[in-house]
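Novice: sequence unknown, structure follows:
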């Protein structure tokens, strides 16, 4: 069952940066109290900002920064809410898709309704992060109230499986931005991961980069019918 995590007044700066200046209508799934909506409204004055929030109390707070807010579970969206997709320029999932029962079906249904050239921007936790690898070696895979093993997460992804999800549901991947934070022990553990990767015959640089990222922010575009399938599966930019 989809659940809300505790709201925060901190917005995701990389998600904010990924929103194009030309966007005139933004739909955010999981607004929380509206921290990101507030910042995007400052970045894009006059934007039509539609929020979706499963929590009534969060939704009430988000209304201060949104044009309108639907209090619904997006996996079981009303026809009125789905119709908002028809002229939306950007849909944002900021730490949301991992809470869905079936994010693949949701993305596929959205692509069939959204205009070619519109975007999905999604931030997602990375299960390949070094802290999870460290825990697995110790047999310590326990859910928590927050973080990568938030107990409300229903799905878990690595960079590779995130990209596969968007590609396999028909999107063109435009940008992948890792979010890397400085944690204690990080450099030491990453050196060990590099050594282990070499022992297994894996590319150590990629293994280390994927272990350093706490989250990824992915920008995926709804392709035009003329775009070929191989192009839709190749990231045009990897930061």
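Specialist: Received, thanks. Fair warning: this is a prediction, and the values are worked out from it, not measured in the lab. Numbering: from 1, shown residues only.
Novice: contacts, neighbours, all on C-alpha from now
Specialist: OK.
Novice: mind checking the SS state of residue 175?
Specialist: strand (DSSP: H, G, I helix; E, B strand; the rest coil).
Novice: burial count for it?
Specialist: By other C-alpha atoms under 10 Å, 19 other residues sit near residue 175.
Novice: ok, residue 206 next?
Specialist: As a burial measure, residue 206 scores 12 neighbours (other C-alpha under 10 Å).
Novice: over to residue 108?
Specialist: Neighbours around residue 108, by other C-alpha under 10 Å: 16.
Novice: so which residues of the protein form helices?
Specialist: 13-18, 35-43, 56-62, 79-83, 103-113, 130-137, 159-168, 186-199, 204-212, 229-232 (DSSP state H).
Novice: format those helices as CSV; extra columns: mean pLDDT.
Specialist: Below are these laid out as CSV (pLDDT from 0 to 100):
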stretch, mean pLDDT
helix 13-18, 96
helix 35-43, 96
helix 56-62, 95
helix 79-83, 97
helix 103-113, 97
helix 130-137, 95
helix 159-168, 98
helix 186-199, 97
helix 204-212, 98
helix 229-232, 46
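Novice: relative to residue 151, which of the ones you listed is closest?
Specialist: Closest to residue 151 of the helices of the chain, according to C-alpha to C-alpha: helix 130-137, at 14.5 Å.
Novice: show me what counts as buried in the closest one.
Specialist: 130, 131, 132, 133 (16 or more other C-alpha atoms under 10 Å).
Novice: so how far is residue 208 from the second one?
Specialist: Pointing back at residue 131 there. 12 Å (C-alpha to C-alpha, to the nearest Å).
Novice: cool, the last one as well?
Specialist: Distance, residue 133 to residue 208, using C-alpha to C-alpha: 12 Å.
Novice: what is the nearest of the buried residues of helix 130-137 to residue 30?
Specialist: The closest of the buried residues of helix 130-137, once distances to residue 30 are taken by C-alpha to C-alpha, is residue 132, at 25.3 Å.
Novice: report the contact partners of the closest one.
Specialist: Contacts for residue 132 (C-alpha atoms under 8 Å, 6 or more residues apart in numbering) come out as residue 141.
Novice: got a list of contacts for stretch 190-209?
Specialist: 130, 211, 212.
Novice: try stretch 180-187
Specialist: 130, 212, 213, 214, 215.
Novice: which of the residues you listed sits closest to residue 26?
Specialist: Using C-alpha to C-alpha, these come closest to residue 26 at residue 215, 22.0 Å.
Novice: OK, contacts around that closest one?
Specialist: 123, 124, 125, 126, 178, 179, 180.
Novice: just the buried ones out of the residues you listed, please.
Specialist: 123, 124, 125, 126, 178, 179.
Novice: what about the closest residue to the fifth one other than its chain neighbours, how many neighbours?
Specialist: In space, not counting the residues next to it along the chain, residue 178 is nearest to residue 216; the distance is 4.5 Å by C-alpha to C-alpha, 6 or more residues apart in numbering. The number of residues packed near residue 216 is 24, by other C-alpha under 10 Å.
Novice: same question for the one 10 residues further on.
Specialist: Neighbouring residues of residue 226 were enumerated by other C-alpha under 10 Å; the total is 6.
Novice: for residue 78, same thing?
Specialist: Neighbours around residue 78, by other C-alpha under 10 Å: 12.
Novice: quick one: pLDDT of it?
Specialist: pLDDT for residue 78: 97.
Novice: next up, the contacts around it.
Specialist: residue 72.
Novice: got phi/psi on it?
Specialist: For residue 78, the backbone dihedrals (degrees, to the nearest 10) come out as phi -70, psi 160.
Novice: that one and residue 187: what is the separation?
Specialist: In terms of C-alpha to C-alpha, residue 78 sits 47 Å off from residue 187.
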